[in-house]
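In: With the input below, show me the fold.
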Amino acid sequence: MSPSLFAGFTKSLAMTALSEIGDRTFCVAAILAMRHPRKLVLAGCVASSVVMTLISSSLGWAAPNLISRKWSHHVTTMLFFVFGILSLRESYKEDGDSDDELEEVEAELDADSNNKKSESKYKPKDDDDSKKHQRPFLIRFFSPVFVKAFSITFFGEWGDMSQIATIGLAADENPLGVVLGGIIAQALCTTAAVLGGKSLASKISEKMVGLFSGALFLVFGVMSLLSGPEGEL
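Out: Model (predicted):
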């Protein structure tokens, strides 16, 4: 593994793991795994994370082609410092209790499930062939649980701090290394959420995760600042 590939891999692995563990999508995976088959939940969440990582890394890889290497490097450096400060500030606001977010996510999933049940009561019963014909294209080929886990994870991750940081990292480091590190970290976090369930999520200190991730972002910012656009320290 070349130095550039290794740097992108290790940075992406550490950044993604600290950004994702204990966050909202982590809680979603944990709760869904308690209600549905774990294999389907794991497959849906991991597949969504892989797609999101590929999209983010592709955007980061294309960034230097749209703007100069120098400016993309400066923007990435600035993002690292901004995200580091935001993570540290948010961690100081946390009371250290993860149950509130778990309960909030669980309540939202319950509300969504109840709405679907109430809607189904008023729908006329058709024969099996017509029902199958009216199903969305994806539902015909994938399990509803897989699609649910995939869509909730995908839209939950879209536009959040970890996605933007991945774009910036891929613009400044080897995109392949960023992809590999991000996918492995996402898979590990999702597996922990699915296997550990609610008990694991409730024991994770969001304050400590925020402190570590904020410090890591600042370290990446300093490294990026010292290395310069050409990546040499």
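
In: Check the offset of the helix or strand containing residue 176 from the chain's centre.
Out: Using DSSP states H and E, residue 176 maps to helix 175-203. The chain centre lies 9 Å from the centre of helix 175-203; the measure is CA atoms, centre = their mean, to the nearest Å.

In: And for stretch 26-43?
Out: Distance, centroid of stretch 26-43 to centroid of chain: 15 Å (CA atoms, centre = their mean).

In: got the CA positions of that stretch in CSV?
Out: Extracted in CSV, the C-alpha atoms of stretch 26-43 (Å, rounded to 0.1, in the frame of the first residue of the first chain):
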residue,chain,number,x,y,z
PHE,A,26,-26.1,3.9,14.5
CYS,A,27,-29.2,4.1,16.7
VAL,A,28,-31.5,3.4,13.8
ALA,A,29,-29.6,0.3,12.9
ALA,A,30,-29.7,-0.9,16.5
ILE,A,31,-33.4,-0.4,16.8
LEU,A,32,-34.3,-1.9,13.4
ALA,A,33,-32.2,-5.0,14.3
MET,A,34,-34.3,-5.5,17.4
ARG,A,35,-37.5,-5.6,15.2
HIS,A,36,-36.4,-7.2,12.0
PRO,A,37,-34.0,-10.0,10.8
ARG,A,38,-30.5,-8.8,11.6
LYS,A,39,-29.1,-10.0,8.3
LEU,A,40,-31.5,-7.8,6.3
VAL,A,41,-30.9,-4.8,8.4
LEU,A,42,-27.1,-5.2,8.3
ALA,A,43,-27.2,-5.7,4.5
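
In: Name the residues of it that are buried.
Out: Burial within stretch 26-43, assessed by neighbour count using 16 or more other CB atoms under 10 Å, is assigned to 26-33, 36, 40-43. Every residue, glycine included, has its C-beta placed from N, CA and C.

In: Show me the residue at the heart of the protein, geometrically.
Out: residue 157 (4.6 Å; CA atoms, centre = their mean).

In: May I ask which helix or strand of the chain has the lowest mean pLDDT?
Out: helix 128-134 (a mean of 48; mean pLDDT, DSSP states H and E).

In: Can you name the element that comes right after the helix holding residue 176?
Out: Later in the chain than helix 175-203, the nearest helix or strand by DSSP H and E is helix 206-227.

In: Pull the distance from that following helix to the chain's centre.
Out: 18 Å.

In: cool, stretch 167-184 as well?
Out: Taking CA atoms, centre = their mean, one finds the center of stretch 167-184 at 14 Å from the center of the full chain.

In: Show the average pLDDT along it.
Out: With pLDDT averaged residue by residue, stretch 167-184 scores 90.
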